[in-house]
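Visitor: here's my sequence, what's the structure:
(chains A and B)
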2 protein chains.
Amino acid sequence: MTDEGIPASALETDADYRAAVIDLLGVLAYGELTAFERLAADAALAPEIDDKAAIAGMATAEYRHFLALRDRLAEMGADPAEAMAPFRAAVDGFHAHTAPSDWLEGLVKAYVGDGIGTDFYREIANLLDPRTRELVLDVCDDMGNSAFMIERVRAAIEVDPRVAGRLALWGRRLVGEALSQAQRVAAERDALSTLLVGGVDRPGTDLAEIGRMLARLTDNHARRMTALGLAA
Amino acid sequence: MTDEGIPASALETDADYRAAVIDLLGVLAYGELTAFERLAADAALAPEIDDKAAIAGMATAEYRHFLALRDRLAEMGADPAEAMAPFRAAVDGFHAHTAPSDWLEGLVKAYVGDGIGTDFYREIANLLDPRTRELVLDVCDDMGNSAFMIERVRAAIEVDPRVAGRLALWGRRLVGEALSQAQRVAAERDALSTLLVGGVDRPGTDLAEIGRMLARLTDNHARRMTALGLAA
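Guide: This is a model prediction of the structure:
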């Protein structure tokens, strides 16, 4: 990572950088739109009306993020649907392979899955021009309601401790699926992966820093699993 | 219907009326919360990203309505979850029996189902005190995006005219299910049905007026089916 960051002018002067930002906002936007759908589906699984309402509220927050990203893409002169299209297969694939079979799996997915995604985008934000960085950080900002999710999962484990083993495996599967889809995106989208690892004429994050980033992501993931009462 | 309507003071002085209003706001609130869930599920069925986004936006509008109703229930000193609970079976039953099997059925359900529900609540609004009436009318206000739904259904019929027969049957099934669940609610919730038909010490809507109301609901339903290009 260059300490001085990317200047605002790069969006105008550097076509590769602009393409990378459109990719990034596209994958984030499609991710938020599907996060909306998945959280709403989780709300349908919630046994209690108050829990339904809380999860539905989180889903509408994801939709607001989607709107902000879509509007920024349009403002940049990109077609939002086109910008999102290349990421449908990976994002839909992730959700198809991690469809929660019950309310608790949905909660763990919302907490752990959104958590690791948000951490990753926050790391990426450091590599961006100020305007894009601010948008990405905004969109990652309000996980909200995490205390409520932790409380529900811990209460379920209290009632039946065997739940903890099943959900711990589920948490590992979520991370495995997220990584495999992220690799797919990285392999297919040059501009986006160049943003992270650098390219011919732009310094990226060096290998040691990528290692530290992965360590931070792993640590935070483990911390979230522990908060839920689960082995990471 | 009494021409002068119900005075604002009835919420304080008439325990039956207050119970009826809590019932009404409860069924509306639970209806909006599940409408949110169902529309979000429809968004997941949408083949195009722009359609997903449009339906997701409608879903978040339902959630805003839910919040307004829930807050008003709390303000009246009622427990929102308790107020909604008696209507879960009927509302969940409606959705269980009318789960769209594809995107087009979802669109018709959103347009025709929400339309008839909204019309019905608007009729009821005439029987309410001013404050409650305003809230109910607000919540019924923004169907939004109906032009987009009409356009999508008509385009699908253009491509394959057989679709029209299947969707016309589907529209009839939606109305049949809505009526059967409404009857269930009316049979179980005295306060609510008294609001419509009157009680010992309160004039309700007379039979002739109920007949005219049903005619209006049916006419509007037929108009919506025609707008979609479907036989009512």
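Visitor: for the residue in chain A that chain B sits nearest to, give me its contacts.
Guide: Nearest to chain B in chain A, going by C-beta to the nearest C-beta, is residue A:40, at a distance of 3.0 Å. In this view, the C-beta of every residue, glycine as well, is placed from N, C-alpha and C. Applying C-beta atoms under 8 Å, 6 or more residues apart in numbering or on different chains to residue A:40 gives the contacts A:55-56, A:59, B:36-37, B:40-41, B:43, B:59.
Visitor: ok, now residue A:28?
Guide: A:65, A:69, A:121, A:136, A:139.
Visitor: related to what we said a few turns ago, reformat the contacts of residue A:40 as CSV; add distance to residue B:156 and secondary structure.
Guide: Below are those laid out as CSV (distance: C-beta to C-beta, whole Å; DSSP: H, G, I helix; E, B strand; the rest coil):
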residue, distance to residue B:156, secondary structure
A:55, 32, helix
A:56, 29, helix
A:59, 27, helix
B:36, 25, helix
B:37, 24, helix
B:40, 21, helix
B:41, 19, helix
B:43, 17, helix
B:59, 21, helix
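Visitor: just to revisit the earlier point, what score does the residue of chain A closest to chain B have for pLDDT?
Guide: Residue A:40 carries a pLDDT value of 92.
Visitor: quick revisit: how about the contacts of residue A:40, which pair is most distant?
Guide: Farthest-apart pair in those is A:55 and B:43; separation 15.5 Å (C-beta to C-beta).
Visitor: may I see the contacts of residue A:40 organised as a markdown table, with distance to residue A:160 added?
Guide: Converted to a markdown table, the contacts of residue A:40 look like this (distance: C-beta to C-beta, whole Å):
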| residue | distance to residue A:160 |
| --- | --- |
| A:55 | 21 |
| A:56 | 26 |
| A:59 | 27 |
| B:36 | 30 |
| B:37 | 27 |
| B:40 | 29 |
| B:41 | 29 |
| B:43 | 34 |
| B:59 | 33 |
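Visitor: of those, which is the nearest to residue A:158?
Guide: residue A:55 (20.7 Å).
Visitor: what helix or strand is the residue nearest to the spatial centre of chain A on?
Guide: When C-alpha atoms, centre = their mean is applied to chain A, the residue found nearest the centroid is residue A:117 (2.6 Å). According to DSSP states H and E, residue A:117 maps onto helix A:114-125.
Visitor: if you count contacts, what does that helix end up packed against?
Guide: helix A:15-45, helix A:130-141, helix A:162-188, helix A:207-227 (3 or more C-beta pairs under 8 Å, 6 or more residues apart in numbering or on different chains; DSSP states H and E).
Visitor: deepest of those helices, which one?
Guide: helix A:15-45 (a mean of 23; mean count of other C-beta atoms under 10 Å in any protein chain shown).
Visitor: could you tell me which residues of chain A lie near chain B?
Guide: By C-beta under 8 Å from any C-beta of the partner chain, the residues of chain A that approach chain B are A:30, A:33-34, A:36-37, A:40-41, A:43-44, A:48-50, A:52-53, A:56-57, A:59-60, A:63-64, A:66-67, A:70, A:80-81, A:84-85, A:88.
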